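Novice: Have a look at this fold, sequence not included:
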């Protein structure tokens, strides 16, 4: 009984220690690069939207990335008819559950949700999408270093190629893909950047507004302090 209580007491610490071993690569910040975000939107629609939706975001919101409504309709709208519709998933939830064992999650706020668990949602997604490897013991034939026994197959394997875990439990590219490692990393960075953007499209405005408010308060403080000195100069 004493050993059981001790194990329960230290279980959270052990879990934290195991989680701390996970190394996340730093994701490039592309939030100020509209071309990169547009490319990320294209990748999301072509590779992710078949199974994962982004139902909190409407297609017309993509005009904020510099796209016209005609460009969105002609190149990105495959699961909707009107520009104001949400970015719904193409697959039916019951079919997805049957094929993958669980319904693929909506990705509207995936970057923010991973941030709450792992510090940086962008870093987690960036590392995750580059850490798939071939595992014949899994139903899909794929596994992931970051998300062990994940139900999702490697949808970008044609671009990256096929990796395996070597004897040192490190990823090794055994079959090259269409892109070089640097080119693939760039595509993943753009996709992750788009996932970060849809989680809070107004993040850029919020940050700039915050800086403006701080600047205003700084000026107001100087004026208030000067006024205070003027009123109290005779008292001192």
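Specialist: Yes, it's here. What you are looking at is a predicted structure, and each value in this text was computed from that prediction instead of being measured.
Novice: Now do the domain split for the chain, please.
Specialist: Segmentation of the chain into domains, based on automatic domain parsing, reads 26-201, 205-236.
Novice: which one of those has the lowest average pLDDT?
Specialist: Here the domains of the chain differ in mean pLDDT, and the lowest is domain 205-236 at a mean of 81.
Novice: roughly how far is that one from the heart of the chain?
Specialist: 38 Å (C-alpha atoms, centre = their mean, to the nearest Å).
Novice: please renumber so the chain begins at 733
Specialist: Fine by me, first position is 733 from now on; the one you just mentioned is domain 937-968.
Novice: And the residue nearest the centre of this structure?
Specialist: Closest to where the C-alpha atoms of the chain average out (C-alpha atoms, centre = their mean) is residue 843, at 3.6 Å.
Novice: Helix or strand: which one has that one?
Specialist: helix 842-850 (DSSP states H and E).
Novice: ditto for residue 906
Specialist: With DSSP H and E as the test, residue 906 turns up in strand 903-908.
Novice: Where is the longest helix in the chain?
Specialist: helix 935-964 (DSSP state H).
Novice: any idea how far that helix is from the chain center?
Specialist: Relative to its parent chain, helix 935-964 has a centroid offset of 34 Å by C-alpha atoms, centre = their mean.
Novice: rewinding a little: can I assume the residue nearest to the centre of the chain is in contact with residue 928?
Specialist: Yes. Proximity of residue 843 to residue 928 meets the contact threshold set by C-beta atoms under 8 Å, at 4.5 Å. Bear in mind the C-beta positions are built from the backbone N, C-alpha and C, glycine included.
Novice: shared neighbours, these two?
Specialist: Residues touching both residue 843 and residue 928 by C-beta atoms under 8 Å, 6 or more residues apart in numbering: 853-854.
Novice: now what about the strand holding residue 906, what contacts it?
Specialist: With C-beta under 8 Å, 6+ apart as the test, strand 903-908 has contacts from 863, 865-866, 877, 892-898, 913.
Novice: In ChimeraX, select just the buried ones from those residues.
Specialist: Remark: buried members of these, expressed as a ChimeraX selection using 16 or more other C-beta atoms under 10 Å:
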select :863,865,866,877,892,893,894,895
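Novice: In helices only, show me the contacts of strand 903-908.
Specialist: Per DSSP H, the subset of the contacts of strand 903-908 in helices is 892, 913.
Novice: ok, the contacts of strand 903-908 vs residue 919, which is closest?
Specialist: Using C-beta to C-beta, residue 892 comes nearest to residue 919 of these, at 8.8 Å.
Novice: got the contact list for the closest one?
Specialist: 862, 864, 886, 905, 909, 911, 916.
Novice: ok, of those, which come out buried?
Specialist: Applying 16+ other C-beta under 10 Å to those flags 862, 864, 886, 909, 911, 916 as buried.
Novice: Can I get these in JSON lines including distance to residue 782?
Specialist: Output for the buried ones among the contacts of residue 892, formatted as JSON lines (distance: C-beta to C-beta, whole Å):
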{"residue": "862", "distance to residue 782": "20"}
{"residue": "864", "distance to residue 782": "17"}
{"residue": "886", "distance to residue 782": "14"}
{"residue": "909", "distance to residue 782": "19"}
{"residue": "911", "distance to residue 782": "20"}
{"residue": "916", "distance to residue 782": "20"}
